[in-house]
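S.K.: sharing a sequence plus its predicted fold:
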Amino acid sequence: MSNRPRPALLILAYLAFVSLGLPDGLLGVGWPSIRATFGVPTEAVGLLLTAGTIGYLTSSVAAGFTLARVGVGWLLAGSTALASLALTGYALAPVLTVMIVSALVLGLGSGAVDSGLNAYAASAFGPRHMNWLHAFFGLGVALGPLIMTSAIGAGLSWRWGYGIVASAQVLLALAFVLTVRAWTRTPAPDDSGAAEPIAAPERVRIAATLALPAVWTGALAFAVYVGVEVGAGLWAFLLLTQGRGISATVAGICVSVYWGSLFLGRVVQGLVAERLGSAAVLRGSLIGMVVGAALVAVPGPGALAVTGLAIIGFAAAPVFPLLTLTTADRVGAQHADRTIGLQIGAAGLGGALLPAGIGVLISRFGVETLGPSLVVLSLLLLGLHLGSARRGRATAGRLSEV
């Protein structure tokens, strides 16, 4: 029979993903004013980013291992409340040190929400909603700058931007508290839209989860994927201006096209994945990323690189949500929550380290190293996926014989 997620839970999940993206957008626009308020150098933003990353990695991994005991509803409610507390700390911070501590707390709250919602969605939502959830994260990133720009443009302090988002987080946390019992696991629709009853995941030892090679190859795949996504967006402007002779204004628009293609791809390919199946869309998307990276790597006019970036963005769009959705196929349902937590943590780590590594290559060998770097990473990602998919089929075959 047909299995549709509850509309109220879907709306809350979408809003939660919007809330995950909002703080990222706030900081970029607000930092010049924040820096002036506290009288600190520009590079001091690295302290906030480092603290936030530490908190995010810690909680996203921990959430995967504690989700079964705490429950999805209480995890989301408590973590969202923690994030609202952190954002209130941003808004009221008298010194930068308070903001740094608040960044750590915000990372703890955001990482748990990200891990918990991804784990829930992987077992309760189909490919379409999984893609759309991640599209709403991009919407949150886009709304953050608008909120902060509106506050500063109205003559208000940057603190108002964080205060507005903190207030929204309080309401979201309250909504999670009121619906805490509704966040129970239900079978996710398969690629045809039908749902088959599934047994509750069997509890297994943590060591058994960590001993699975597919857990670690999956985590590495997430790190590489986010490294490509963030690295392309971070260094594209430099490539287009210094390497391909495009003006700063046009290059900025082209970078926006890249991020826009990522958002559009998740909306469109969410529907495609439901029709063609997650496995087929994943393979096509990973191959598309290699093709787009190759176009960026080929020396030529700026339009060629821009086309490659747009292809990377559109092709990459469903990879993160569909890799999350198919986690249980690779490691088994009883290991899925823990594995998703590790994958989300690895994604954060890869998003920090790999783009920084590309930056080191660019500083030593020139901006044209961006394209080859993206090609190598995209090929590595394709190889990791094909290898883990084969292991997943072999594991499923052994389990069916038991």
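M.R.: Yep, it's here.
S.K.: quick check: end-to-end length of stretch 65-78?
M.R.: 16 Å (CA to CA, to the nearest Å).
S.K.: neighbouring contacts of that stretch?
M.R.: 16, 63, 112-113, 115-117, 119-120, 173, 176-177, 179-185, 201, 203, 206, 337-338, 341 (CB atoms under 8 Å, 6 or more residues apart in numbering). Every C-beta, even on glycine, is put in place using the N, C-alpha and C of the backbone.
S.K.: in PyMOL, how would I select just the buried ones from these?
M.R.: In PyMOL, a selection of the buried entries from the contacts of stretch 65-78 looks like this (16 or more other CB atoms under 10 Å):
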select buried, resi 16+63+112+113+115+116+117+119+120+173+176+179+180+183+185+201+337+338+341
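S.K.: so which of the contacts of stretch 65-78 belong to helices?
M.R.: 16, 63, 112-113, 115-117, 119-120, 173, 176-177, 206, 337-338, 341 (DSSP state H).
S.K.: domain assignment for this structure?
M.R.: 7-182, 206-401 (automatic domain parsing).
S.K.: any idea how far E229 lies from Y14?
M.R.: In this structure, E229 and Y14 are 21 Å apart, going by CB to CB, to the nearest Å.
S.K.: higher neighbour count, those two?
M.R.: A count of neighbours by other CB atoms under 10 Å puts E229 above the other of E229 and Y14, at 25 against 18.
S.K.: which residue is the nearest non-sequential neighbour of that one?
M.R.: A316 (5.6 Å; CB to CB, 6 or more residues apart in numbering).
S.K.: one more: R35?
M.R.: Closest to R35 by CB to CB, 6+ apart is T42, at 6.2 Å.
S.K.: the one you found: neighbour count?
M.R.: 9.
S.K.: that one against A36, yeah?
M.R.: No. If you go by CB atoms under 8 Å, T42 and A36 don't touch, sitting 10.5 Å apart.
S.K.: where does the stretch 301-402 of the chain dip in pLDDT?
M.R.: Scanning the stretch 301-402 of the chain for pLDDT under 70 picks out 389-402.
S.K.: show me where it has its helices.
M.R.: Applying DSSP state H, counting those that start in this stretch to the stretch 301-402 of the chain gives helices spanning 302-316, 319-325, 327-331, 333-365, 370-401.
S.K.: got JSON lines for those, with distance to Q242 too?
M.R.: Putting the helices of the stretch 301-402 of the chain into JSON lines (distance: least, CB to CB, whole Å) gives the following:
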{"stretch": "helix 302-316", "distance to Q242": "11"}
{"stretch": "helix 319-325", "distance to Q242": "29"}
{"stretch": "helix 327-331", "distance to Q242": "40"}
{"stretch": "helix 333-365", "distance to Q242": "9"}
{"stretch": "helix 370-401", "distance to Q242": "10"}
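S.K.: now do the contacts for V272.
M.R.: Contacts of V272 (CB under 8 Å, 6+ apart): 281, 318.
S.K.: mind doing that once more with 6 Å?
M.R.: V281 (CB atoms under 6 Å, 6 or more residues apart in numbering).
S.K.: next one, pLDDT for it please.
M.R.: Model confidence at V272, given as pLDDT, is 80.
S.K.: check which helix or strand covers it.
M.R.: V272 belongs to helix 248-276 when assigned by DSSP states H and E.
S.K.: do the same with G155
M.R.: Using DSSP H and E, G155 sits in no helix or strand.
S.K.: what's the separation between it and A142?
M.R.: Distance from G155 to A142, by CB to CB: 23 Å.
S.K.: these two - which one has more neighbours?
M.R.: A side-by-side neighbour count of G155 and A142, using other CB under 10 Å, places A142 first with 17 against 7.
S.K.: could you say which helix or strand holds that one?
M.R.: helix 127-153.
S.K.: what angle do that helix and helix 248-276 make?
M.R.: 150 degrees (axes from the mean of the first three to the mean of the last three CA atoms, to 10 degrees).
S.K.: same for helix 127-153, what does it pack against?
M.R.: For helix 127-153, the elements it packs on are helix 7-38, helix 158-178, helix 248-276, helix 319-325, judged by 3 or more CB pairs under 6 Å, 6 or more residues apart in numbering; DSSP states H and E.
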